[in-house]
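*Asks:* Starting from these lines, generate the structure:
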Amino acid sequence: MQLFITKPFKSSQTLAFIKSSSLVALIFSFLLCISIFVLFIGFQTTVNEAVILFLKTLVVTWVFIVGIKVGFTLLLFMLEKTRRIQLAFISKKYRSIKIMSLLGLVAVWLYSCQGQPLVGISKDLNTGMVTTYSKMKPEESVIVMNEEKLGHTQIPLGEKFVVINNKVKGLVVKDNKVSIGCSLKIIDSDGKALLDEADLFKDGSGVYDQKDAESLKCTVSTGKPMELNKDYKIAVQFWDKYGAGTIENKFTISMIDTP
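*Replies:* Residues are numbered from 1 along each chain as shown. Presented below is the predicted three-dimensional model:
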């Protein structure tokens with residue numbers, strides 16, 4: 001019976017593995033982030049947000065690859081001691097394990113061990129609204145005006161609309177209460193901020209009964225200094241003041257004349 005005998009890593013082998021695993025993590029992270037930007041985020045994100053997402057993905061990917069390598073090495077060491085598995089069988093299974101591990105990386109990245117969403121992105125193809133969430137998740141994110149769900153982002157100048165995240169899960173509850181923060185930014189086509197409210201629910205106004213906080217809403221008013229036939233970027237962010245969860249909605253509206 002032919003056995004696989006593990007040998008201690010040499011410094012040159014360790015360095016080679018670090019280089020190769022770093023390269024694989026870099027390529028995988030780059031392709032994953034590019035796919036997310038093209039399919040979901042588009043131009044709705046800032047350079048800083050893109051860099052942070054890439055760095056987080058790179059670190060998680062590299063740690064995952066190293067963990068798989070170390071775990072498999074330990075497995076081989078245990079099998080060598082028991083002398084039950086042949087080299088040919090191990091070699092074939094090793095390749096299968098690596099492939100399945102890489103396929104599972106995205107799932108590990110998106111979900112925590114409790115099954116709660118760690119981070120996620122969704123895009124409404126009708127309105128172009130991009131919703132990103134971390135540690136709390138909405139079932140649906142919509143734009144409502146005059147009590148009707150919009151399938152576009154053409155807003156008559158002077159009208160109000162509401163950004164709504166329905167059936168939010170993941171909020172931390174204390175004494176049957178939840179505490180929410182909400183920021184609102186409106187930026188014109190030149191990059192100038194027309195409105196930048198750090199917290200619309202300040203001074204304790206964002207504390208609600210648990211049963212009343214399944215939907216998170218932010219009302220946005222239009223008017224001066226907005227102008228007709230101009231586009232404006234809207235960024236609404238909700239966060240859990242009792243926890244670490246966040247939900248961010250980004251989209252662009254076009255000002256039109258009242259029909």
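*Asks:* Poorly predicted segments of this structure, please.
*Replies:* Along the chain, segments meeting pLDDT under 70 span 1-14, 17, 33, 35-50, 72, 76-77, 79-118, 259.
*Asks:* ok now do residue 246, which residues does it touch?
*Replies:* Residue 246 is in contact with 132, 133, 134, 135, 136, 237, 238, 239, 240, counting by CB atoms under 8 Å, 6 or more residues apart in numbering. Backbone N, C-alpha and C define where each C-beta goes, glycine included.
*Asks:* Kindly recompute the last result at 10 Å.
*Replies:* Contacts for residue 246 (CB atoms under 10 Å, 6 or more residues apart in numbering) come out as 119, 132, 133, 134, 135, 136, 181, 237, 238, 239, 240.
*Asks:* Most neighbours among the residues you listed, which one?
*Replies:* Highest neighbour count within these: residue 238, with 26 neighbours (other CB atoms under 10 Å).
*Asks:* so what strands line up beside the helix or strand in which it is found?
*Replies:* For residue 238, the element it lies in under DSSP states H and E is strand 231-240. Strand pairing for strand 231-240, determined by DSSP bridges: strand 177-188 (antiparallel), strand 246-256 (antiparallel).
*Asks:* And the contacts of residue 246, which two are furthest apart?
*Replies:* Farthest-apart pair in those is 119 and 181; separation 18.6 Å (CB to CB).
*Asks:* ok, residue 224 to residue 236 distance?
*Replies:* Note on residue 224: its distance to residue 236, by CB to CB, to the nearest Å, is 21 Å.
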